[in-house]
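Enquirer: Sequence first, predicted coordinates after that:
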Amino acid sequence: MKILLAAGGTAGHIEPALTLADTLTAQDPTTEVVFVGRSVGLEARLVPERGRRLRTLPAVPMPRKPSKDLLLVAPRIAGSVRQMRRILAEEQPDVVVGFGGYVAAPAYLAARSAGVPIVIHEANARAGMANKLGARFTPWVAEAVAGSIPGATHMGMPMRTSIVTLDRSAQRAAARAHFGLDPDRTTLLVFGGSLGAKRLNEVVTGAAADLRAAGVQVLHAVGESATGVVPLGDDAIAYVTLPYIDRMDLAYAAADLAITRAGAMTCAELAAVGLPAIYVPLPIGNGEQRLNAQPVVSAGGGLLIEDADFTPGALRAQVLPLVADPQRLAEMGRAASAHGVRDGAERLADMVRAAGGS
């Protein structure tokens with residue numbers, strides 16, 4: 001088979017697509033996978049780095065909600081659809097798989113007109129406009145969070161093998177050594193996505209003394225710009241800051257608890273590895289981050305604190321008692337693990353092959 005994957009804009013679209021590509025070719029090395037994305041942005045770097053071929057389209061942002069702005073999209077999208085039709089004619093894929101985002105809508109429209117089967121994966125609890133549009137054209141729709149698209153098949157998020165096979169207990173000592181952490185201290189992991197998160201940076205670094213006094217060490221991805229970081233003391237072993245964490249599997253293994261935003265991939269990975277978390281949803285967009293976190297929180301695998309309520313006082317009142325309670329952390333970890341879905345990549349690959357008649 002030849003599969004064309006339309007994914008671009010954010011890591012939340014690109015990483016699941018890359019994982020699906022790896023799964024498809026691992027299952028059958030004769031499968032050919034081609035990506036369609038933008039010539040700028042994350043996909044322009046990540047896709048070639050993973051050894052995958054990338055065809056490019058102009059970016060066409062889709063409004064998050066139906067509005068008059070949607071009418072303005074049509075003229076812009078027409079050129080991208082024409083270019084996508086040329087790509088389809090040249091590549092002759094058996095299936096087009098879309099993950100939402102800037103290049104998905106042209107891919108869906110062009111594939112529909114060319115009669116190429118379409119598979120859609122929706123990562124967020126609240127679907128974007130591109131995937132809502134594409135879902136009208138195909139019965140092959142998958143979702144990571146139940147209820148995001150009517151009629152979709154719930155199958156979780158495609159995740160890297162290093163995450164779904166992670167044994168946190170077995171890797172804990174090596175993981176803490178990797179980051180220069182004390183092997184025996186309770187460890188708090190803080191991260192806010194690839195760019196960091198100003199609110200998380202301000203609150204947690206501002207409470208560094210309280211965390212140290214409680215015997216808690218911190219591994220904190222602060223982002224390249226380290227926006228909002230309060231200057232720390234010299235007790236480096238108790239508070240390790242990094243601009244970005246490349247080995248998230250080791251970060252998860254090192255930690256007893258996480259404080260994080262609530263992107264779809266983050267929620268899926270934390271549940272899959274059984275790491276309890278304090279979710280602080282990003283207070284912009286269409287509210288999807290709160291909805292992403294709600295299922296695992298409802299299952300008992302985490303707590304949710306609204307961005308405006310996440311203050312040093314809230315950290316002292318809610319986080320410090322939690323990290324001092326290993327029994328509760330263990331219970332939350334088991335609840336998160338029971339909620340997690342670890343075979344999303346294989347299930348999505350099966351759907352893709354079924355859509356292509358294989």
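Expert: Received, thanks.
Enquirer: Residues in contact with the host helix or strand of residue 328: which ones?
Expert: With elements delineated by DSSP states H and E, residue 328 resides in helix 326-339, which encompasses its position. The contact list for helix 326-339 (Cβ atoms under 8 Å, 6 or more residues apart in numbering) reads 186, 256-257, 270-277, 295-296, 299-302, 322-323. The way it works is simple: take the backbone N, C-alpha and C, and place the C-beta from them, glycine included.
Enquirer: Mark which of those residues are part of helices, please.
Expert: Here DSSP state H is the test, and the contacts of helix 326-339 give 270, 271, 272, 273, 295, 296, 322, 323 as lying in helices.
Enquirer: The closest residue in space to the first one that isn't next to it in sequence and residue 319: what is the separation?
Expert: The shortest distance from residue 270 to any non-neighbouring residue, by Cβ to Cβ, 6 or more residues apart in numbering, is to residue 277 (5.0 Å). For residue 277, the distance to residue 319 (Cβ to Cβ, to the nearest Å) stands at 11 Å.
Enquirer: which residues are in contact with the helix or strand bottoming out on mean pLDDT in the chain?
Expert: Least confident element among the helices and strands of the chain, by mean pLDDT, DSSP states H and E: helix 68-91 (a mean of 83). Outside helix 68-91, the residues that touch it by Cβ under 8 Å, 6+ apart are 2, 4, 34, 36, 55, 57-58, 60, 62-63, 96, 103, 105-107, 109-111, 113-114, 116, 129.
Enquirer: ok, now which ones touch residue 48?
Expert: Each residue near residue 48 by Cβ under 8 Å, 6+ apart is listed here: residue 54.
Enquirer: Regarding it, what is its secondary structure?
Expert: Here residue 48 is helix, with the state taken from DSSP: H, G, I helix; E, B strand; the rest coil.
Enquirer: Contacts only, for residue 349.
Expert: For residue 349, the contact set (Cβ under 8 Å, 6+ apart) comprises 20, 23, 24, 27.
Enquirer: Low-confidence stretches in this structure?
Expert: Across the chain, residues meeting the criterion (pLDDT under 70) sit at 59-74, 193-196, 234-237.
Enquirer: Domain map for it?
Expert: Taking automatic domain parsing as the criterion, the chain consists of the domains 2-159+342-355, 164-339.
Enquirer: From the chain's centre, how far out is the longest one? Work that out for me.
Expert: Using Cα atoms, centre = their mean, to the nearest Å, the mean C-alpha position of domain 164-339 is found 15 Å from that of the whole chain.
Enquirer: likewise the first one?
Expert: From the chain centre to the centre of domain 2-159+342-355 is a distance of 15 Å (Cα atoms, centre = their mean).
Enquirer: Double-check residue 280 against residue 259; I have them as touching.
Expert: Yes. Judged on Cβ atoms under 8 Å, residue 280 makes contact with residue 259 at a distance of 6.8 Å.
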